[in-house]
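Trainee: got a predicted structure plus its sequence, pasted below:
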Amino acid sequence: MTLRKENAPNANTSVSSTQYLDREEGKIGYDVQGSGPLLVLVPGMGELRSSYRFLAPILCQAGYRVATTDLRGHGDSDTSFSSYGDVETAGDIRALIEKLGGPAVIIGNSMASGSGVIVAAEHPEQVTALVLVGPYVRNPKVNAIMLALFKAMMAPLWVASAWKAYMPTLYAGAKPVDFADYRAAVYAHLRQPAYGKAFSLTTQTDHAPAEARLPEVSAPVLVIMGEKDPDFKDPDAEARWIGGVLHGEVIMVPDAGHYPQSQQPEITSAAVLGFLKAVFHRA
C-alpha cells in the first residue's frame, strides 16, 4: 500500500526533560510525553531520539503516552557499556517498559526493529504491538568487499566525518525541513571520542538473533518502509518478506529513504495511528 504526502507537522513542539534508566553498565536517556496507552519509540544506530521529533507530538495529541529513548552509547545515554547490538538494545527496551509500567507498543527504526522483535518474542506479555520502520530483522546480503569498506569507513578515528557524509544517502527522497541542523547535531555528537567509539561498535551489530526469533512473535505488526530505502536492494520485497513472516500489514512510503518518521512524518503518523486504532479496538 502506498500513501500520499500531506503537510508536515510542526517539529518545534516542546518535549519533557531527559530522564534516565539505570542499567548495569550505565544509564539510558529517554523522555516521556502525554498520557494514555504506552508507546516506546526507539531510533536506529547513529540516530538520536529526536529522529521522532515530528512523529512523537502527533502521537501524544492522539491520546498516547510516548516514551522516546536513545540507544546505549547515543544521545543522552552513557558510553560505558561493554557491548552494543540488537540483543543489548532489546534488554534496554524491556527494562524501560517495565519501569514505565507496560505493556507497550514498540516503534523501532532500523536495528531497533530487530530489538523489538526480540522483546516481543521473549516477553509477549509486555508488547501490545510492533511498528517496524525501515526494519533490519536479518543480516543483509552484502559482498565481502563492500562489507570490508563499510567497516573501514566506520572506524572510530573518522566515523563522525564518514557518517556525516553518508547520512544524505540514507535520507534518499524528501529531506526533513530541518535536515541540515539535525545532521550537524549528529555530527557534533559523534565527534566526541567516546560516542564515536560506541557508534563504531554498534555498526558491527549482528541481526541473526532477531531473525531467529521472528517465528515466535505473536503481537500485531505494522511494517513501514521507504520506497527509496537505500539499505535494501529491493525495499518493497524486503518489507513484504517481513510482513509475510510476521503476518503483518505493510505500508510503503513514497519519496522516503531509511527514515520515514522524519522524512514523511504525516504519512507515517497516519499509518501508525490507523494501526494503533485497530490494535486497541481489538484489545
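Mentor: The structure has been received and is ready for your questions.

Trainee: all strands for the stretch 151-283 of the chain, in order.
Mentor: 221-226, 249-253 (DSSP state E, counting those that start in this stretch).

Trainee: tell me who's in contact with the closest residue to Y30 other than its chain neighbours.
Mentor: Of all residues beyond its chain neighbours, the one nearest Y30 is T69 (3.9 Å), with distances taken as Cβ to Cβ, 6 or more residues apart in numbering. Using the backbone N, CA and C atoms, a C-beta is placed for each residue, glycine as well. Contact analysis of T69 by Cβ atoms under 8 Å, 6 or more residues apart in numbering lists 21, 28-30, 40-42, 49, 92-93, 96.

Trainee: just those residues now: which is nearest P135?
Mentor: V42 (11.6 Å; Cβ to Cβ).

Trainee: okay, the closest one: pLDDT?
Mentor: According to the prediction, V42 has pLDDT 98.

Trainee: over to it: give its phi and psi.
Mentor: For V42, the backbone dihedrals (degrees, to the nearest 10) come out as phi -130, psi 130.

Trainee: switch to numbering from 766
Mentor: From this message on, residue numbering opens at 766, which makes the last subject V807.

Trainee: from A977, how far out is it?
Mentor: Distance, V807 to A977, using Cβ to Cβ, to the nearest Å: 20 Å.

Trainee: more neighbours, the two?
Mentor: Just comparing V807 and A977: by other Cβ atoms under 10 Å the higher neighbour count belongs to V807, 31 against 13.

Trainee: which ones are touching the more buried one?
Mentor: Contacts of V807 by Cβ under 8 Å, 6+ apart are 834, 836, 854, 858, 871-874, 877, 880-881.

Trainee: let's see if you can find the most crowded of these.
Mentor: G881 (34 neighbours).

Trainee: re earlier: quick check, nearest of the contacts of V807 to A917?
Mentor: Distance to A917, by Cβ to Cβ, is smallest for L836 among these, at 22.5 Å.

Trainee: find the nearest non-adjacent residue to the closest one, please.
Mentor: L836's closest residue in space is T854 (Cβ to Cβ, 6+ apart), at 6.1 Å.

Trainee: where does pLDDT dip in the stretch 766-915 of the chain?
Mentor: 766-781, 908-913 (pLDDT under 70).

Trainee: tell me where it has strands.
Mentor: 784-788, 791-798, 803-807, 830-834, 869-874, 892-898.

Trainee: what residues sit buried inside the top helix by length along the chain?
Mentor: Counting by DSSP state H, the longest helix found in the chain is helix 1030-1047. For helix 1030-1047, the neighbour count (16 or more other Cβ atoms under 10 Å) marks 1030-1037, 1040-1041, 1044 as buried.

Trainee: could you export these as a markdown table, including distance to V982 and pLDDT?
Mentor: Below are these laid out as a markdown table (distance: Cβ to Cβ, whole Å; pLDDT from 0 to 100):
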| residue | distance to V982 | pLDDT |
| --- | --- | --- |
| P1030 | 26 | 97 |
| E1031 | 28 | 96 |
| I1032 | 25 | 97 |
| T1033 | 21 | 98 |
| S1034 | 24 | 98 |
| A1035 | 24 | 98 |
| A1036 | 19 | 98 |
| V1037 | 18 | 98 |
| F1040 | 15 | 98 |
| L1041 | 18 | 98 |
| V1044 | 14 | 96 |
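
Trainee: great, nothing more from me.
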